[in-house]
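1. here is the input, now give the coordinates:
(one chain, ligands or ions: 1)
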Amino acid sequence: MSTEAGPSSPPPAPAAAPAPADGAEGEKKKEPVVILCIGMAGSGKTTLMQRLNSHLNSRNSPPYILNLDPAVSHMPYSANIDIRDTVDYKEVMKQYNLGPNGGILTALNLFTTKFDQVLGYVEKRAESVDYILVDTPGQIEIFTWSASGAIITDAIASSLPTVVAYIVDTPRTTAPATFMSNMLYACSILYKTRLPFIIVFNKIDVQPHDFALEWMEDFEAYQAALNDKSRDEHGEGSYVNSLMGSMCLVLEEFYNNLRAVGVSAMTGEGMKAFFDAVEEGRKEYEADYRPELDRLAAERAAQTEADKKAQLERLMRDMNVSDSATATGSRPSAGGRRGDNPFGPHPINEREDRYMDEDGYDEDEEEVDEEEQEAIRRQAEEEEEDADAQELGALDVQEPEIGGLPPMGSATGGGTGRGMSWPRPA
Ligand SMILES: Nc1nc2c(ncn2[C@@H]2O[C@H](COP(=O)(O)OP(=O)(O)OP(=O)(O)O)[C@@H](O)[C@H]2O)c(=O)[nH]1
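-> Take a look at the predicted model:
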């Protein structure tokens, strides 16, 4: 058992400005790292969140915590922002005749409509914390394969250094086939998020993770394990097993580019290795992800600038004040001199007449009308969506004071009651 605070010990008294977890005093404080905990149901995400929370509290560096799992019934720590305070997924299920997964997904979608507020709170606290922990729904695909999961991940990652901690239930991964399935899933998440990735082999108090590290480093060791279990009575390996052997080779590149650590959320073993890996992840984010983000932002800015320029040119053309027209002087302006005041009054109907065809049909006018109508339609749709979200109960996100976390183990199990639940009370 580690010497860190146990699961139910209260956090230390909140410090106004927590001492930096690492780095020398006087140095400019680093941006906090966001740790996105993702994993299969039962892999130990919530327990690990609790462990990370108590570990960081014991280092006098309390983290900022977000819970994005609307269905968690017991949370052994208090979150600064809890999806359950904003949306009640059981009500969503009832009202829309949805099953549990549909309810959780819809609750997450509703919460996503308010995520800009959440990000605002997180950014405000970025000055005073070193780590931001995010717990995700137990049904992994609800987060990793949904639009809202992608929106939330992108929003966080474009704001702060972010690493993905993929939690693996080690005792349930000892079979080569299960191991391979888990690694392929991890690989798919890596390619979807493209964020620095840590594979966290949890529950090493029950099953050490050496076998997994060996399989990741040594193809032949994995092949040997496969052969061990794959022979049929004729001594032949099955098709699936030879496929898995090939997969292992394919994944070599993936294994080479990620960090794998073993932890026990229960005992606290492996915390140092975990935070070292997070620090490496931060460096990778700064070296690879941030420049890409900056490049995309510059690309977008250039595109916006080009669009603006094109619009302006079009406007100038419409008003007959193109460079050539201005240079040669198109018509006398109000002041009387040719080329002066290109926006001056036109002789009646002159401009309009030039754009009319023989039937008096104005093609350009129609184009503008369509654009305007499209813009009006979009705005109306957005307003309608906003109204829907409001009605459905994606209420303003509530944030308690940081550092004022209730003692660990005091979660209410059905929302912490700080915010409003759906549906909105009469
Ligand atoms: N022995 C051992 N058990 C653990 C460890 N971490 C979690 N568990 C147990 O594994 C079970 C599942 O843990 P949770 O933290 O609820 O897992 P989860 O991934 O949050 O589960 P969902 O919310 O359903 O996705 C619980 O019974 C935990 O006590 C660990 O490090 N060692």
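2. tell me the buried residues in the helix or strand hosting Leu296?
-> Here Leu296, judged by DSSP states H and E, is contained in helix 290-318. Residues Met316 are the ones in helix 290-318 that count as buried (16 or more other Cβ atoms under 10 Å). Any C-beta I mention is one placed from the backbone N, CA and C, and that applies to glycine too.
3. which parts of the stretch 251-400 of the chain are strands?
-> Taking DSSP state E, counting those that start in this stretch as the criterion, the stretch 251-400 of the chain carries its strands at 259-262.
4. may I see the buried residues of stretch 172-185?
-> Going by neighbour count (16+ other Cβ under 10 Å), the buried part of stretch 172-185 is 172-173, 176, 179-180, 182-183, 185.
5. contacts for stretch 99-107?
-> With contact meaning Cβ atoms under 8 Å, 6 or more residues apart in numbering, stretch 99-107 is reached by 69-71, 83, 87-90, 92-93, 96, 98, 137, 139, 142, 146, 148.
6. low-confidence stretches in the stretch 301-426 of the chain?
-> Scanning the stretch 301-426 of the chain for pLDDT under 70 picks out 321-369, 385-426.
7. ok, 90 please
-> 301, 304-426 (pLDDT under 90).
8. could I get the contacting residues of the closest residue to the ligand within the stretch 1-150 of the chain?
-> Residue of the stretch 1-150 of the chain nearest the ligand, by Cβ to the nearest ligand atom: Gly138 (2.6 Å). Contact partners of Gly138, counting by Cβ under 8 Å, 6+ apart, are 41-42, 45, 69, 71-72.
9. now those in CSV, with secondary structure, distance to Asp288 and neighbour count?
-> CSV is the format used below for the contacts of Gly138 (DSSP: H, G, I helix; E, B strand; the rest coil; distance: Cβ to Cβ, whole Å; neighbours: other Cβ atoms under 10 Å):
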residue, secondary structure, distance to Asp288, neighbour count
Ala41, coil, 31, 10
Gly42, coil, 32, 11
Lys45, helix, 26, 26
Asp69, coil, 29, 27
Ala71, coil, 34, 18
Val72, coil, 33, 21
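10. show me the subset of those that also lies near the ligand.
-> 41-42, 45, 72 (Cβ under 6 Å from any ligand atom).
11. of the residues you listed, which pair is most distant in space?
-> Pairwise distances across the ones next to the ligand among the contacts of Gly138 peak at 12.4 Å for Gly42 and Val72 (criterion: Cβ to Cβ).
12. where does the protein have its least confident helix or strand?
-> helix 350-355 (a mean of 45; mean pLDDT, DSSP states H and E).
13. near the ligand, which residues of the stretch 151-300 of the chain?
-> Within the stretch 151-300 of the chain, the positions adjacent to the ligand are 202-203, 205-206, 264-266 by Cβ under 6 Å from any ligand atom.
14. can you rerun that using 5 Å?
-> For the stretch 151-300 of the chain, the residues in contact with the ligand (Cβ under 5 Å from any ligand atom) are 203, 205-206, 264-266.
15. which of the residues you listed are buried, as a ChimeraX select command?
-> Paste this into ChimeraX to select the buried members of these, with burial taken from 16+ other Cβ under 10 Å:
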select :203,205,264,265,266
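16. where does Arg36 fall, phi/psi-wise?
-> Slight slip there: residue 36 is Leu, not Arg. Here is the backbone geometry of Leu36 (degrees, to the nearest 10): phi -90, psi 110.
17. can you pull up the bridge partners for it?
-> Taking DSSP bridges as the rule, Leu36 bridges to Val134, Val164.
18. list the contacts for it?
-> Counted by Cβ under 8 Å, 6+ apart, Leu36 has contacts 134, 136, 153, 156, 162-165, 195.
19. so how many other residues sit close to Val240?
-> Other residues within reach of Val240, judged by other Cβ atoms under 10 Å, total 12.
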